[in-house]
Every structure is written in structure tokens, then in C-alpha cells.
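Colleague: Please work out how this folds:
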Amino acid sequence: MMTLNVPLLAVASLFSAVLTVSASDNKFDEAGRLQQIAVGKGWTTVTTDVKIPLKGWTKTLSLGDSKPGVSHANGMHTWKGSPADGKAAFAVEQTTREVDGKLVFDVRATAQAEVETEGVFFWIEVPSENFAGGSFRSGAQHGTLPLTLPEEYHLCSGITANTALKTPSGMEIVADTAPAASVLIQDGRKWSKHFSVLIQLAFGKFAAGQSVSMQISLSTTGAVDEAPAKITLDPAETLYALDGIGGDYCFNIESPITRYTLDNLRVAYARTEMTLEQWEPENDDGDPAKINWPALIAHDVPDSRLRREFELLKEFSAKKIPVIASVWKLPPWLYTKPPDEKNENNRIDDAKWPEVIECIVSYLLYAKEKYQAEPAFFSFNESNFGVRVLFSPEEHRDLMKRLGPALQKAGLKTRMLLGDVGDPRDTLAFTTPTVNDPEALKYVGAISVHSWGGATAAQYSAWGDLAAKLKLPLLVAEAGVDPAAWQGGIYQNFDYGVREMAHYMDLFRYARPQGILLWEFTGDYGLLTSNKFNRNRLVLTERFCFQKHWCDLTLAGSEALKIASDNANIQCAAFKHSVDDKSTLTIHVANPKWTRQATIEGIPDGIKVLNVVRTARGELFKKLEPIVVTNGKVTFDLPGQSLTTLTTQDIPELKMP
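Modeller: The predicted structure follows:
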């Protein structure tokens with residue numbers, strides 16, 4: 001009998017270029033992973049992959065990560081990949097076709113050598129925000145898809161040929177298997193925002209040449225919501241201040257994308273990496289009370305990484321852009337032991353703390369004196385996760401009390417950043433020891449959270465509430481959807497951009513931040529791509545244009561206004577910016593789903609016309625005809641997967657790279 005042996009781990013949904021199967025709204029990425037499935041006149045998000053975790057879950061092989069080749073013939077689409085890790089290797093083939101309204105997958109996996117596995121799985125994920133509060137059935141078992149993450153993540157398991165997940169509104173996704181298989185339904189919200197269905201093709205040890213195959217059919221029942229959206233603006237009620245939108249300039253800063261974003265986006269916040277392992281690769285003289293300036297300055301040479309980041313700091317300072325300076329890696333001599341291959345979870349030698357402080361302070365003093373640049377904030381990147389230096393919550397508190405006074409004594413304005421944690425889910429406790437220590441808290445200038453993977457409304461709001469309680473700015477120092485999307489350049493594609501668009505709207509609505517910084521505005525997770533025939537020529541993308549909506553039309557120093565949509569599929573945010581007697585209004589309306597109409601009510605009486613710009617698939621920051629406001633109301637069309645901005649500001653030009 002096949003059995004399930006599945007640990008509670010995160011599995012990222014990977015998005016890439018889309019392939020439309022037949023004429024429907026079924027779409028796959030270039031690696032054979034389903035992205036969305038047709039439902040009536042619309043579609044819903046569903047992701048699939050073929051996954052093979054090795055014994056002990058030490059590594060998971062997958063069709064999607066193997067860069068499979070694809071072929072098309074007679075309405076059938078076949079992906080063939082060879083996922084491998086050392087001697088563990090499989091040949092995986094997935095053929096897909098539409099039959100009588102069903103999407104049929106034929107999956108085969110063949111071991112290329114003897115290998116022990118935890119199983120071969122056809123893995124299905126659906127977004128929890130759509131399905132929470134709905135129901136599941138698997139054979140004779142049935143139950144509720146919980147509204148919040150339960151202690152027991154495994155909702156049900158057993159042998160069945162029929163499994164279904166249903167939304168609260170009644171739209172259902174059905175999976176049929178031939179033959180019957182072991183199926184697990186799992187709540188994956190500890191790591192992401194999905195419910196998962198794991199269909200197990202086989203389990204255990206494979207001999208070389210041994211194959212397993214199965215047919216899985218996906219279908220849907222019900223319909224999607226096509227109703228127009230009514231959006232209500234209350235211009236009299238302000239919610240929070242927004243200091244600005246910007247991006248990270250940490251890795252791959254030599255890319256031409258760095259220059260393009262600086263010249264073509266209104267960057268209001270920036271973040272840089274402090275490469276201290278290049279600033280002080282060896283102890284300068286052994287006495288932390290005496291800075292050996294000649295030894296340190298000698299490392300600032302033309303065309304070096306160190307020189308480039310100092311020059312970036314200088315440019316940000318000249319443009320009056322506030323900067324977060326973050327440390328990923330310290331010089332190895334400051335750790336308790338040399339870093340391993342992964343270079344993660346490194347701990348600082350407690351006896352070396354005076355040297356650590358000297359290294360950081362000297363870097364910042366040199367940036368101030370030589371490059372006239374003084375970062376607003378300092379942090380160790382994601383130290384709660386050990387990326388790359390690991391702190392306990394108490395050690396994070398002690399960092400404030402160790403480094404904060406040293407920065408002040410050196411005459412630096414740089415303040416400490418509280419948190420800078422790797423995701424917004426259940427990480428707030430990392431800040432608690434500092435929050436409860438007045439001596440540590442007085443050196444904190446802002447709170448930071450990274451938004452990888454997203455969060456529930458309550459989890460986001462908890463960060464906003466903490467910032468309000470402490471009267472400190474909340475910065476989303478790394479805004480991002482999927483931390484694994486660098487694999488295969490998945491972040492470059494339109495569907496990933498749509499996810500980022502919806503992600504920003506969630507941040508505006510729930511987290512209420514004073515600053516949002518996208519990972520990144522450089523060639524790392526780059527907002528532009530390269531021409532396939534000339535790699536030196538940049539190509540604009542919808543992702544860049546989404547950022548242009550945020551950066552150029554959501555002005556630094558704005559106030560967020562109360563605004564709400566009666567349709568959960570339509571997201572909106574509104575901002576007022578006032579200087580002297582002049583005031584501007586900007587409304588962003590995001591439609592990550594299918595086409596519908598929208599009406600905005602409550603526009604102030606003095607506004608008679610709104611300028612409009614829109615980004616959608618193949619439509620890059622397109623200026624539309626201005627809309628006339630009638631009785632405080634406008635009505636307009638929202639194309640599928642689009643961001644529309646209505647504003648009293650002039651629409652800036654989009655310059656080609």
C-alpha cells in the first residue's frame with residue numbers, strides 16, 4: 001500500500017511565462033506548471049508540479065525546476081525534464097490535453113539510478129484567500145477548509161480517486177485520478193498562502209529504470225464573479241502617512257538596470273549592502289579602539305564592489321533619498337567559526353563585538369567624510385533567519401544597546417532598524433525583547449519587515465499596529481512575492497508581476513507602511529529584461545511599469561485615504577498629497593482577475609477631471625483619455641490583470657531604454 005510521509009514544509013508556487021492550452025483560460029508556465037484553470041467565463045488560480053522529495057526530505061526534485069523541453073502536437077502539450085541531484089536522477093514526462101471540459105495530465109517518472117524517495121507527487125496548490133472557509137472532500141472524507149491556520153496542518157489523507165476543494169461561494173476544483181492514489185490535503189499557510197493537495201504516485205525506493213505513471217484530471221464547477229465593482233472613497237478620512245516608495249540596490253548593482261531605475265523612477269527610499277568583508281577582510285591592527293584608516297581605505301579602489309556601493313550612497317545622498325544600509329556577511333574572522341558552504345546562520349564571536357562595532361562605525365564614518373553619505377538606518381539582514389548572521393531575539397535587543405551608543409558617540413545620524421525580519425508571518429516576537437527594553441528602544445529609528453510570501457490581514461496589521469504604538473515608521477525593506485523566483489528567471493514574467501501588483505495593494509491596505517522597497521531595482525530580480533538578440537539592450541516590462549505607477553504617482557509625503565471596494569477581486573488604494581495650497585489625489589485600482597467594470601464614488605467636488613494611465617499584459621504605462629467626473633463619480637473598464645491609476649497629477653512620460 002502507498003503511504004504518505006509528508007513533513008510540514010514550505011513549497012513555493014513558481015510562476016513563469018504562460019502557455020494557453022486550447023482557446024480556454026487554462027494557462028501553464030514554460031516549465032509545465034499549471035497557473036490558472038478556466039471557470040465559466042473566467043478563471044481561478046491553481047498551480048501544479050511533479051515533485052520527488054528524496055529520502056529524509058533533504059532535497060526535492062521537480063519537473064518545474066528541471067527546465068524541461070516542451071513540444072506541441074494534435075492538441076497535446078508535452079514537457080520532458082530530468083530533475084537530478086548528484087546520483088539521484090529521474091526522467092519526468094507530463095502530457096496535457098483538454099477532454100470534455102477537463103484538463104487531463106498524464107504523468108510518468110522513471111528513475112535513472114537506484115534511489116530512495118519520500119514519494120513521487122502530483123502537487124496542486126490553491127490560494128487560501130479564495131478557499132478559506134470553503135470545504136474539501138476526498139473519497140468518503142469531507143470537512144471545512146479553515147479560516148485560520150490550525151495546529152494540525154494535515155486536514156485529511158487516504159486512498160481515493162476523487163478529491164475536491166470548494167470556495168465559500170461554491171466554485172469547486174475537482175481532481176480525479178486513475179488509478180486511485182494516496183491523497184493528502186494540507187494547509188500550507190505556515191509558509192505561504194495556499195491549501196495543497198498531494199497526490200502520491202509512488203513511495204519508497206526506486207530501482208534503476210523503474211517507472212511510475214498516473215492520469216490526473218482537473219475540472220471545475222460553478223462560476224466566477226463578473227459583477228461590476230463599486231469603489232467608495234472617503235477623502236475626509238486619512239489612515240496613515242506614506243514617506244515613499246523605492247527599491248533595494250544591494251546585489252548586481254553594476255547592471256545597467258540600476259542606472260535605468262535611478263533615472264526613470266521617482267525613487268523615494270533605497271537600501272544598500274555594506275560589504276564589510278571587503279572593507280575589513282582582516283583585522284586592521286588588533287585594537288578596536290584605534291582605527292587603522294590607511295589599511296581600510298586601501299580597499300576602496302576603482303571598479304571594486306566597495307567603490308560602487310559608496311558611489312551609490314553618494315548619489316542617494318545628493319538626491320536626498322533616505323537609505324537603509326544592511327549587512328549580510330561580516331568578515332569571517334569575526335565569527336565563532338568559519339562559514340560553511342551555505343554561509344548562513346553565522347554567529348558573532350562574543351569577544352569580537354568591539355571589533356564588529358569598529359568595522360561598522362568606520363565604514364559609516366568613511367562614507368560620511370569621503371562620499372558625503374549618511375544612511376538613515378542600519379540593520380543586519382534577516383538575522384532572525386540567519387541570512388547571513390544569526391541573532392536570537394535577545395541578541396537582537398543587545399545589538400541595539402551595543403551599536404546604538406557607538407553610532408551616537410561617532411556623531412552619526414544613522415539609527416538602528418528594529419526587526420528587518422525575513423517574512424511577516426509569526427515573526428513579530430523577534431522584536432519583543434527590544435520593545436520591552438527602553439534602553440534598547442531609544443536607539444531604534446524605524447521598524448522593518450520583509451514581505452516575502454505575503455501574510456494574512458491580521459499578520460500584516462500587527463506590524464502596522466506595532467509601528468503606531470511605538471510611533472516609529474514601518475518600512476517594508478524587501479517587498480517580494482517569492483524568494484525562489486530567481487530560479488529560471490521566473491520573476492521576469494508578467495504573471496509574477498501581477499502577483500507583485502496584488503501584493504503591494506495588500507501592503508497598502510493592511511500593513512500601512514511608511515515606506516516600501518522592492519527587491520530589487522538592480523539587475524538582481526531585475527525590472528527589465530534583455531533583448532534576446534542584443535543582451536546589452538534593455539527591454540521594458542509590465543513589472544517595471546507597475547513600479548512606475550507606485551513610485552511616480554504615489555508621492556513621498558502622501559496620506560493614505562479611506563477607500564473600499566464592494567468586490568473582493570478588485571483592490572484599491574488612494575493617496576492625497578498636499579504642499580502649501582496645492583493638493584493632488586491619486587487612486588490605484590488593481591484587477592488581478594478577469595475583465596469587469598468599476599465605478600468610483602466620493603471624489604471631492606473640486607475635481608472635475610482625472611488623468612488615467614494603465615498597465616496590463618502588453619500595455620506599458622499607457623496614457624488613456626482623461627475621465628470627466630460627474631457628481632463625484634466616474635465609471636470605467638478594468639481589463640483583466642491590470643493596474644489603472646486615476647490622478648489629478650500629470651502623467652509622466654515613459655522613456656524607452
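
Colleague: Break this protein down into its domains, please.
Modeller: Listed domain ranges for the chain are 18-221, 225-238+557-657, 244-525 (source: automatic domain parsing).

Colleague: and the end-to-end length of the longest one?
Modeller: What that stands for is domain 244-525. Using Cα to Cα, to the nearest Å, one end of domain 244-525 lies 21 Å from the other.

Colleague: Need the single longest strand in the chain, by residues.
Modeller: Using DSSP state E to define each element, the chain has its longest strand at strand 172-187.

Colleague: Check the burial of the closest residue to residue 499 other than its chain neighbours by counting its neighbours.
Modeller: Excluding its sequence neighbours, the residue lying closest to residue 499 (Cβ to Cβ, 6 or more residues apart in numbering) is residue 481, at 4.6 Å. Quick note: C-beta positions are derived from backbone N, CA and C, even for glycine. Residues near residue 481, counting by other Cβ atoms under 10 Å, number 26.

Colleague: quick one: residue 481 is in a strand?
Modeller: No. Under DSSP: H, G, I helix; E, B strand; the rest coil, residue 481 sits outside any strand and is assigned coil.

Colleague: who's in contact with it?
Modeller: By Cβ atoms under 8 Å, 6 or more residues apart in numbering, the contact set of residue 481 is 452-454, 496, 499-500, 503.

Colleague: Now, of these, which are buried?
Modeller: 452-454, 496, 499-500, 503 (16 or more other Cβ atoms under 10 Å).

Colleague: What separation is there between residue 383 and residue 463?
Modeller: Noted for residue 383: a distance of 17 Å to residue 463, by Cβ to Cβ, to the nearest Å.

Colleague: Quick one: low-confidence residue ranges for the chain.
Modeller: 1-24 (pLDDT under 70).

Colleague: Select the longest helix from it.
Modeller: Ranked by residue count under DSSP state H, the longest helix found in the chain is helix 353-371.

Colleague: and residue 193, how far is that from residue 57?
Modeller: If you measure residue 193 against residue 57 using Cβ to Cβ, the figure is 22 Å.

Colleague: thinking again about what came up before, who touches the longest helix of the chain?
Modeller: 274, 276, 279-280, 283-284, 288-289, 291, 293, 296-297, 300, 310-311, 313-314, 317, 325, 327, 330-331, 334, 348, 373-375, 378, 402-403, 406-407, 410, 412, 414.

Colleague: Out of the residues you listed, list just those in strands.
Modeller: Per DSSP E, these map to strands at 325, 327, 378.

Colleague: for those residues, which one is nearest residue 473?
Modeller: Nearest to residue 473, judged by Cβ to Cβ, of those is residue 378 at 14.5 Å.

Colleague: Next up, the contacts around residue 546.
Modeller: Going by Cβ under 8 Å, 6+ apart, the list of residues near residue 546 reads 497, 500-501, 504, 615, 643.

Colleague: Top of these by number of neighbours, please.
Modeller: Result: residue 643 is most packed of these (other Cβ under 10 Å), 30 neighbours.

Colleague: Now stretch 362-369: buried residues?
Modeller: Quick answer for stretch 362-369 (16+ other Cβ under 10 Å): 362-368.

Colleague: how far out from the middle of the chain is that stretch?
Modeller: 32 Å (Cα atoms, centre = their mean, to the nearest Å).
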